[in-house]
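Colleague: Give me a 3D structure for the following:
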Amino acid sequence: MADDDILTLEEVAKYLRVSERTIYDCAQKGEIPAGKIRTAWRFKKSEIDKWVNERLTSTSLNPQITPVNAESILSPHRVIFMNYSNKRDALLALAENLAAAPQVKNRQELSTEILKREGLMSTAIGCGIAIPHVRLSSITDLVVSVGVSRANIVDFYPLDDEPVKLVFMIAAAQSQHAYYLQTLSWFSTRLKNKKLRDSLLQAQTEQQVYDLLVKNNA
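Modeller: Below you'll find the model as predicted:
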């Protein structure tokens, strides 16, 4: 099996000697490097190997993980309302917004790597949500931008075929692997709440979106 191989869910489960359900749940929660091609989960072997090694090392050397604090990674200025029907335009708009954060030191690299990551595997997780994400050496600390789309973004190809309307872009430093995965999981878990999703879509201001995401932060 070569490092650049693209693996199926079943192959990853066999490779890691765990159940297919475990891999599926980890992928849905954003806890393992994965993405979708149309409706199928796919995994890059080199990313899986790196994830396993870093997870085992961080567990043995540093079991304490910083709790996710939405107020520290998001601000009303990093919430935007969009009206795009294709994901490229939506991703570029969010990357432009995120690049204004002081944690982002290379605007062009962020846009390029976000599009490259999305081209490899879709970051849509279902329920009208996508969570594009990257780790870069030019990022000094984890930061998030949120896009609420007034139009259906039709080409994310989620498993449930529901058009994406909520996009959460996460950019982190290379050294923040554990916190990066925890943040992905935190967002995907919170957004299972349909009431929260509906409220975000109905919000009229950036401040309202921000308040919905940071209140009852647990």
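
Colleague: Neighbours of the nearest residue to residue 184 once chain neighbours are set aside, how many?
Modeller: Leaving aside its sequence neighbours, residue 184 sits nearest to residue 30 (C-beta to C-beta, 6 or more residues apart in numbering; 3.0 Å). Quick note: C-beta positions are derived from backbone N, CA and C, even for glycine. Using other C-beta atoms under 10 Å, residue 30 has 24 other residues around it.

Colleague: Any idea which helix or strand in the protein has the lowest mean pLDDT?
Modeller: helix 45-61 (a mean of 70; mean pLDDT, DSSP states H and E).

Colleague: and whichever helix or strand comes after that helix, what's its mean pLDDT?
Modeller: Of the helices and strands lying after helix 45-61 in sequence (DSSP states H and E), the nearest is helix 70-73. Taken as a whole, helix 70-73 has an average pLDDT of 88.

Colleague: which strands and helices sit next to helix 70-73?
Modeller: The elements that helix 70-73 packs onto, with contact taken as 3 or more C-beta pairs under 8 Å, 6 or more residues apart in numbering; DSSP states H and E, are helix 206-214.

Colleague: tell me how far the helix it packs on is from the chain's mean position?
Modeller: Its chain's C-alpha centre and that of helix 206-214 lie 18 Å apart, by C-alpha atoms, centre = their mean, to the nearest Å.

Colleague: Residues touching it, excluding its own?
Modeller: Helix 206-214 has contacts (C-beta atoms under 8 Å, 6 or more residues apart in numbering) with 70-71, 74-77, 79-81, 146, 148, 190, 196, 199-200, 203.

Colleague: again, only this time at 7 Å
Modeller: 70, 71, 74, 75, 76, 79, 146, 148, 196, 199, 200, 203 (C-beta atoms under 7 Å, 6 or more residues apart in numbering).
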